[in-house]
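# coords below, sequence missing:
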């Protein structure tokens, strides 16, 4: 369960080896009363500092050994050449998602109208595609513009022939 509280105390509690690595155990106590163990590869961990508010995960899957784990928020960092590619990728995510949705909706609109339809033009197909995009991306159903129905008058026949 993800929580937020201020660190009340941090106490070193020994080490252990696992997969050829040394882990450092810390007992963490939060102001809201949560107490648990945090295992770090670093001897001087910086995730839990006394009197600092933090977001953390309180894992009680084994109630006799509760664990406290930091929540890692994504922060862009420069790549090896110094460019902030992670920031660019994050900002491209929503644009790319919208382009994929638009492309899929356009394909569906063409299939809906039919490939050989003589009754639709490009403008009609794009309007139908936008209808689908609005529904997928914004969860709204746009108003449908319906053409008024024309009523045909019945022709009265003057001849008595059955055909």
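It's in. Just so we're clear, the structure is a prediction, and the values are computed from it rather than from any experiment.

# Where do the domain boundaries of the chain fall?
2-70, 85-138 (automatic domain parsing).

# what's the least confident stretch among the ones you listed?
Ranked on mean pLDDT, the bottom entry among those is domain 85-138, at a mean of 77.

# Tell me how far that one lies from the chain's centre.
With Cα atoms, centre = their mean, to the nearest Å as the basis, domain 85-138 stands 19 Å off its chain's centre.

# For residue 43, grab the count of nearby residues.
By other Cβ atoms under 10 Å, 9 other residues sit near residue 43. Every C-beta, even on glycine, is put in place using the N, C-alpha and C of the backbone.

# Please apply the same query to residue 14.
Residue 14, neighbours per other Cβ under 10 Å, totals 9.

# secondary structure class for it?
strand (DSSP: H, G, I helix; E, B strand; the rest coil).

# leaving aside the residues next to it on the chain, what's closest to residue 1?
residue 58 (5.3 Å; Cβ to Cβ, 6 or more residues apart in numbering).

# The chain: strands as residue ranges?
2-18, 21-30, 35-40, 53-59, 67-70 (DSSP state E).

# Of all these, which one comes closest to residue 101?
Shortest distance between residue 101 and these, using Cβ to Cβ, is found for strand 2-18: 29.4 Å.

# Note down every partner strand of that closest one and its orientation.
strand 21-30 (antiparallel), strand 53-59 (antiparallel) (DSSP bridges).

# possible to save those as a markdown table with distance to residue 132?
Below are those laid out as a markdown table (distance: least, Cβ to Cβ, whole Å):
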| stretch | distance to residue 132 |
| --- | --- |
| strand 21-30 | 48 |
| strand 53-59 | 38 |
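
# Could you save these as JSON lines and add columns showing mean neighbour count and distance to residue 14?
Output for the strands paired with strand 2-18, formatted as JSON lines (neighbours: other Cβ atoms under 10 Å; distance: least, Cβ to Cβ, whole Å):
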{"stretch": "strand 21-30", "mean neighbour count": "16", "distance to residue 14": "5"}
{"stretch": "strand 53-59", "mean neighbour count": "15", "distance to residue 14": "20"}
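
# Having no further points to raise, I will conclude here.
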